[in-house]
Structures are given as structure tokens and as C-alpha cells.
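> turn this into a model:
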Amino acid sequence: MDVPLPGGSVDQSEDYSPAATVVRFDPPLPLLRAPVPSSAASGEPPVLAFRDAASWRAAWEAAEASLLSQCEAGARSGCSITASRKCKPPWWKGLLGGAPTDYQERERCEEREMAACLEAAREACVKFAKEKCIEPFRDARIASEGLLENTKFAIWGAGSNRTSSASLCITNSQYPFNPRPGSTNYKGSDLLDSFPSEDNNIKDDD
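The predicted structure is shown next:
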């Protein structure tokens, strides 16, 4: 509580109000996957599975985008150093009493080198991101339709108000896939194999 001081001022050194004492934490991140019963023999431990094909595809694209962004950020730093080294005048030029450095030409040189370096780096980063994601997401499990509808777990991408990832992902109605009867889950590779070749961007890019 506030302690009144002479002169009418208030000592707030011992403020125990909720605004001063309550520490607010960010809400927990929802789970990417939830446990589902294994489709193998009884007694097998549960497996982690995505809610549906849409959340599986959205997670794949989000992972690729994150890896691509981090790779390009590192490439920008490296390209900046490379462009500066390529375009700076040689160390011996000042010793011979040559013409002063044309900084405008050096700037144009660095822009050209930077653009060329980033273009090459982006192709490498795209390949790197795909290679890192394809194997784990092909082996990832996806729950059979409706299995996780009433789960108590908060699963990423399961809410009705989905973010922009919803516009990137496919839905089961577009590419229906029916696992074998009695199965609780299936692999991402099974879903990939069911896509029409002309619409399967993932397989074509790989």
C-alpha cells in the first residue's frame, strides 16, 4: 500500500498492487502435434500426429519459410563483406599516388556484387530449406480424419480463426486420402503419394 509522507506526497517504494506485483507471461504456444493411439499392435506407445493434412502442410511451409529467412539473413551479412572486398581499391594504389577513389563507382560496384551474390545465395537457401524439411515431414504422422476433433490439447492450426498459414495449406477436401480401415494415423509420405502430379508442388520441387 502507498505510505503518505509529510507534505502530501506518497511513498510508492512498497507498492503491492496487482499492477506492480503480477508478472505477465506470454501465452503458451499451442502444440504442433498431439498423441494418438498407435495403429500398430496393442501395447505400442502412442505416436505424435498432426491434426489433419492442412496443419501438416502449414507446418511444413512455416518451417521452410523460417529456415529460408534465417539462411538469407546470414547470406546478406556474408555478401556484404564479399562485395566490399571485391570493390575496394587495392592497397598499393595509394602508394603509387594514383587518382583518388571514386566512391560513387565503388557504391555501384558493391550494389552489383551484392545483387549477384544474393541471387546465388537465395537458390542455395531454397535448396537447403527443402532438404532439411522433406525427410522429417515425409515421416511425420497425420491423425485420421476426425480423431482429434474433441481432443483437450490445443493444437497449432486447429482453431477456427486461422492465420495466413491457412491460405498456404491444402485441405482434406481438395486431396482426399483415406487410410486403411481402423488406422489411427498415416505418414506424410502416404499423403504425398496421393497428390495428382500436376498439383503436387512439394514433390515437383524436390
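> and the next element down the chain from the lowest-mean-pLDDT helix or strand in the chain?
The helix or strand of the chain with the poorest confidence is helix 165-168; it has a mean of 36 (mean pLDDT, DSSP states H and E). Counting by DSSP states H and E, the next helix or strand C-terminal to helix 165-168 is strand 185-187.
> for the helix or strand just after that next one, buried residues please.
Helices and strands here follow DSSP H and E; after strand 185-187, the next one along the chain is helix 188-194. Residues Gly188, Asp190, Leu191, Leu192 are the ones in helix 188-194 that count as buried (16 or more other CB atoms under 10 Å). Every C-beta, even on glycine, is put in place using the N, C-alpha and C of the backbone.
> show me what helix 188-194 is packed up against.
Judged by 3 or more CB pairs under 8 Å, 6 or more residues apart in numbering; DSSP states H and E, the packing partners of helix 188-194 are helix 53-87, helix 103-139, strand 141-143.
> mind checking pLDDT for Gly94?
Among the per-residue scores, Gly94 shows a pLDDT of 65.
> returning to what we had before: could you export the buried residues of helix 188-194 as JSON lines, including pLDDT and distance to Glu119?
Below are those laid out as JSON lines (pLDDT from 0 to 100; distance: CB to CB, whole Å):
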{"residue": "Gly188", "pLDDT": "90", "distance to Glu119": "31"}
{"residue": "Asp190", "pLDDT": "87", "distance to Glu119": "37"}
{"residue": "Leu191", "pLDDT": "83", "distance to Glu119": "33"}
{"residue": "Leu192", "pLDDT": "84", "distance to Glu119": "30"}
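> please identify the most buried of the helices and strands packed on helix 188-194.
For the helices and strands packed on helix 188-194, the stretch with the most neighbours on average is strand 141-143, a mean of 25; neighbours defined as mean count of other CB atoms under 10 Å.
> neighbouring strands - and their directions - for that one?
In the sheet, strand 141-143 lines up against strand 47-50 (parallel), strand 185-187 (antiparallel) (DSSP bridges).
> how far off centre is the longest one?
This means strand 47-50. Centroid separation for strand 47-50 versus its chain: 19 Å, with CA atoms, centre = their mean, to the nearest Å.
> mind saving the C-alpha coords of it as PDB?
Extracted in PDB, the C-alpha atoms of strand 47-50 (Å, rounded to 0.1, in the frame of the first residue of the first chain):
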ATOM      1  CA  VAL A  47       2.600 -41.500 -31.600                       C
ATOM      2  CA  LEU A  48       2.600 -37.800 -32.100                       C
ATOM      3  CA  ALA A  49       0.400 -36.700 -35.100                       C
ATOM      4  CA  PHE A  50      -0.800 -33.600 -36.800                       C
END
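> buried residues of that strand, list them for me.
For strand 47-50, a neighbour-count test (16+ other CB under 10 Å) marks Val47, Ala49, Phe50 as buried.
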